[in-house]
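Chemist: return atomic coordinates for the entry below.
(one chain, ligands or ions: 2)
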Amino acid sequence: MSNPSLLILAGDGIGPEVMVEVRKIIDWFDAKRDLKIDVTEDLVGGAAYDKHGTPLHDDTMAKAQEVDAVLLGAVGGPAYDDLDFSIKPERGLLRLRKEMDLFANLRPAQCFDALADFSSLKKELVAGLDIMIVRELTSGSYFGEPRGIFKENGERVGINTQRYTESEIDRVARSAFELARKRDNRLCSVEKANVMESGILWREVVTKIGAEDYPDVELSHMYADNCAMQLVRNPKQFDTIVTDNLFGDILSDCAAMLTGSLGMLPSASLGVPMENGKPKAMYEPVHGSAPDIAGQGKANPCATILSFAMALRYSYDQGAEADRLEAAVEKVLADGVRTADLMQAGAAKPASTSEMGNAVIKALDESL
Ligand code: IPM
Ligand code: MG
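Modeler: Ligands and ions are numbered 1, 2, ... in the order given. From the prediction side, this is the model:
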């Protein structure tokens, strides 16, 4: 049997330097756990534009369709701000999501005990926080037609369309119900059914699936604006949240920051199962390319390392090894190792990107 495969697209900004640390982790699992993964690397975002004039080359897209999983770093940077919209680095990422049909985006917001003090909320509000946001990723206002900037009555008008079919709502809702079952069995569905028809349909479809196929899961509904408020007021009321593409984008940033740092949070984007029963999948940190600190060895590699842990769990059937890696990251934090994003300015000297990576490797060694 051939080894499982991974395509690494490190991308821009801090992407490449955090990916160096993930390569160390992959090598560790090969050497110490006999877990062999065939890794290939390619370009995405600004890096791909620099070489090919496009943020995602067709050959890279084809490779992404073939592998068991893609691990992406980050895309974008000020050098590309003036590019035409159609070739901006972000378009590479959106093309991957769309063409791989990665409709279910899992964004956990977990507060590590060692970091509870670091949240902008009071410690007691966030200690032990464990939310899973399931964001629809291939439809809604990100992709709906018509879209564009048009001329109307002598002035320009910018148009995007919020559009959801029943089947698009159905499949992401089912993913969320399944996940809720593996967690605390509570699902909160978020839309704005008070002002949007797409929200009315969303609520109807989710309610029907819940009643028919997941009566054991406690289902609630919330308007998106209220959800934003509740996330900041009392985040621990949530277990699993399912929502559309745009609300999910916003609410997941909000939830992420509750945990103290964007630098800690991974994500998984899952599509329809392939022949081998595994979903098409892409894993990426929630943070962006952070051009202000790129190339300085300051970036926190944990979000990308934890994204690889999600790949171990969802794409490679290695739940126990995923647990091992997550525990290693948690141990490192508990031991007080901190990259700059996890400390107050002017505190003790922060760990560099590679020191953080090495500390995780050491914790992995100790786990044996
Ligand atoms: C995210 C990002 C992307 C999005 C950008 C980079 C296109 O904000 O993954 O949350 O808006 O989906
Ligand atoms: Mg976002």
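Chemist: got the CA positions of the lengthiest helix in the chain in CSV?
Modeler: Ordering each helix of the chain by length in residues (DSSP state H) puts helix 15-33 first. Output of helix 15-33 as CSV, limited to C-alpha atoms (Å, rounded to 0.1, in the frame of the first residue of the first chain):
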residue,chain,number,x,y,z
GLY,A,15,3.8,30.7,6.0
PRO,A,16,7.2,29.3,4.9
GLU,A,17,8.9,29.7,8.3
VAL,A,18,6.1,28.1,10.3
MET,A,19,6.0,25.3,7.8
VAL,A,20,9.7,24.5,8.5
GLU,A,21,8.6,23.6,12.0
VAL,A,22,5.8,21.3,10.7
ARG,A,23,8.4,19.5,8.5
LYS,A,24,10.3,18.7,11.7
ILE,A,25,7.2,17.3,13.2
ILE,A,26,6.4,15.2,10.1
ASP,A,27,10.0,13.9,10.2
TRP,A,28,9.6,13.1,13.9
PHE,A,29,6.5,11.0,13.2
ASP,A,30,8.4,9.2,10.4
ALA,A,31,11.4,8.4,12.6
LYS,A,32,9.8,7.8,15.9
ARG,A,33,6.3,6.5,15.1
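Chemist: that one - contacts with which helices or strands?
Modeler: strand 5-11, strand 69-74, helix 302-314, helix 319-334, helix 353-366 (3 or more CB pairs under 8 Å, 6 or more residues apart in numbering; DSSP states H and E). To be clear about C-beta, it is placed using only N, CA and C from the backbone, and glycine gets the same treatment.
Chemist: now the longest one: buried residues?
Modeler: What that stands for is helix 319-334. Across helix 319-334, burial judged by 16 or more other CB atoms under 10 Å covers 321, 322, 324, 325, 326, 328, 329, 330, 331, 332, 333.
Chemist: three-state assignment of the residue in the stretch 1-150 of the chain that ligand 1 sits nearest to?
Modeler: Nearest to ligand 1 in the stretch 1-150 of the chain, going by CB to the nearest ligand atom, is residue 90, at a distance of 4.0 Å. What DSSP: H, G, I helix; E, B strand; the rest coil gives for residue 90 is helix.
Chemist: what about it, neighbour count?
Modeler: Each residue near residue 90 was counted by other CB atoms under 10 Å, and the total is 15.
Chemist: residue 150 and residue 295: what is the separation?
Modeler: The gap separating residue 150 from residue 295 is 41 Å, by CB to CB, to the nearest Å.
Chemist: look at the residue of the stretch 101-250 of the chain found nearest ligand 1 and give its secondary structure.
Modeler: As assessed by CB to the nearest ligand atom, ligand 1 sits closest to residue 249 within the stretch 101-250 of the chain, at 4.7 Å. Counting by three-state DSSP, the backbone at residue 249 sits in helix.
Chemist: related to what we said a few turns ago, mind checking how far the residue of the stretch 1-150 of the chain closest to ligand 1 is from residue 77?
Modeler: Counting by CB to CB - residue 90 and residue 77 are separated by 11 Å.
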